[in-house]
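Participant: No letters, just coordinates:
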């Protein structure tokens, strides 16, 4: 992999000279970023490669958006990322496609705090707000924003995490735009022309939410138990703080969304994070077992759904 910006730009220039903007954006840039992301999940590409490709593609999208013709339709669409969501490429791609179809689109780019969204509504008066989330943690943030907005304006959403986890979209009280940008465009236009009722949110079971609350309350104690245990046995490994932070955040998100198994798709992220830093793969199942032990020690029976799931997940790794 050569980090050659000039060559990358030249390849894109040649592609745009032969094919339409839509084809290159979806079949070359978007698909390329998706495949690099998948390779990273499998541990065969680096985060530097992903960032390099994303930067090239984002710059090109921003240039295309700036060169888009003036809108021919009166309605305004607001596109935003919920708090903590920093992957803006999907939102920019949707902005470009909608602008090229004559829509007035305002992309907010970086995440917007929920409390600032009402100010944006008063200023812009959009016909539709579109939100995008790529991870389980930001899916929770997206749900909070949707809950806040859906009594004031129509809300639609999409993103990678909803494509990867079956049933997750039903946990969001807003209109799901489907798994591809091609399918999203007609759905967006239909929502603007024919507004519909807010989809009913599938609510998590009370017991699952209680488990989430108890875990969140005792999380610092659980993480201290893990650190103390590793230190006492000289087993402390680099990036254990990152592992604790990631696993803890994702556990809370999965439980708040109603199903601890949602976290399974993100465990691979943690695996590759450790492998990329030359930490033996055997560390992860051991870490998950230790985390399950900490849950049992601190939460007792109240944490059984978490500890049992972690033990089952730890057995799936070949070491």
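Facilitator: Structure's in. What do you need? Predicted, not measured: the structure shown is a model, and the values here were computed from it. Residues are numbered from 1 along each chain as shown.
Participant: At which residues are the strands of the stretch 151-300 of the chain located?
Facilitator: Here the stretch 151-300 of the chain has its strands, by DSSP state E, counting those that start in this stretch, at 154-158, 175-176.
Participant: among these, which is the most enclosed?
Facilitator: For the strands of the stretch 151-300 of the chain, the largest average neighbour count (mean count of other CB atoms under 10 Å) is found in strand 154-158, namely a mean of 25. Where C-beta positions appear, they are placed from N, C-alpha and C, glycine not excepted.
Participant: nearest spatial neighbour of residue 57, skipping sequence neighbours?
Facilitator: Sequence neighbours aside, residue 29 is the residue nearest to residue 57 in space, at 4.4 Å (criterion: CB to CB, 6 or more residues apart in numbering).
Participant: so how far is residue 92 from the one you found?
Facilitator: 10 Å (CB to CB, to the nearest Å).
Participant: where do the helices sit along the stretch 201-319 of the chain?
Facilitator: 206-232, 240-256, 264-276, 283-299, 304-314 (DSSP state H, counting those that start in this stretch).
Participant: Okay, angle between the first one and helix 304-314 too, please.
Facilitator: Using axes from the mean of the first three to the mean of the last three CA atoms, to 10 degrees, the interaxial angle of helix 206-232 with respect to helix 304-314 works out to 60 degrees.
Participant: so helix 206-232 versus helix 240-256, what angle?
Facilitator: 170 degrees.
Participant: Mind checking the pLDDT average for helix 206-232?
Facilitator: Average pLDDT, helix 206-232: 94.
Participant: All further residue positions should be reported with the first residue as 72.
Facilitator: Let's use 72 as the start, then, which means that last one is helix 277-303.
Participant: Using the three-state scheme, assign residue 200.
Facilitator: strand (DSSP: H, G, I helix; E, B strand; the rest coil).
Participant: Surely it is in contact with residue 228?
Facilitator: No. Judged on CB atoms under 8 Å, residue 200 makes no contact with residue 228 at a distance of 9.0 Å.
Participant: what do residue 100 and residue 163 both touch?
Facilitator: residue 132 (CB atoms under 8 Å, 6 or more residues apart in numbering).
Participant: can you redo the strands of the stretch 222-371 of the chain as CSV with distance to residue 385?
Facilitator: What follows is the strands of the stretch 222-371 of the chain, written out as CSV (distance: least, CB to CB, whole Å):
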stretch, distance to residue 385
strand 225-229, 32
strand 246-247, 33
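Participant: Make JSON lines out of those strands and add mean pLDDT.
Facilitator: Output for those, formatted as JSON lines (pLDDT from 0 to 100):
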{"stretch": "strand 225-229", "mean pLDDT": "96"}
{"stretch": "strand 246-247", "mean pLDDT": "97"}
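Participant: So which of those is nearest residue 338?
Facilitator: Ranking the strands of the stretch 222-371 of the chain by proximity to residue 338 (CB to CB) places strand 225-229 first, at 23.2 Å.
Participant: Parallel or antiparallel, which strands does the closest one pair with?
Facilitator: Each strand paired with strand 225-229, and its direction, by DSSP bridges: strand 199-203 (parallel), strand 246-247 (parallel).
Participant: and the residue nearest the centre of the chain, what is it in contact with?
Facilitator: When CA atoms, centre = their mean is applied to the chain, the residue found nearest the centroid is residue 205 (1.8 Å). Contacts for residue 205 were tallied using CB under 8 Å, 6+ apart; they are 156, 158, 161, 230, 231, 232.
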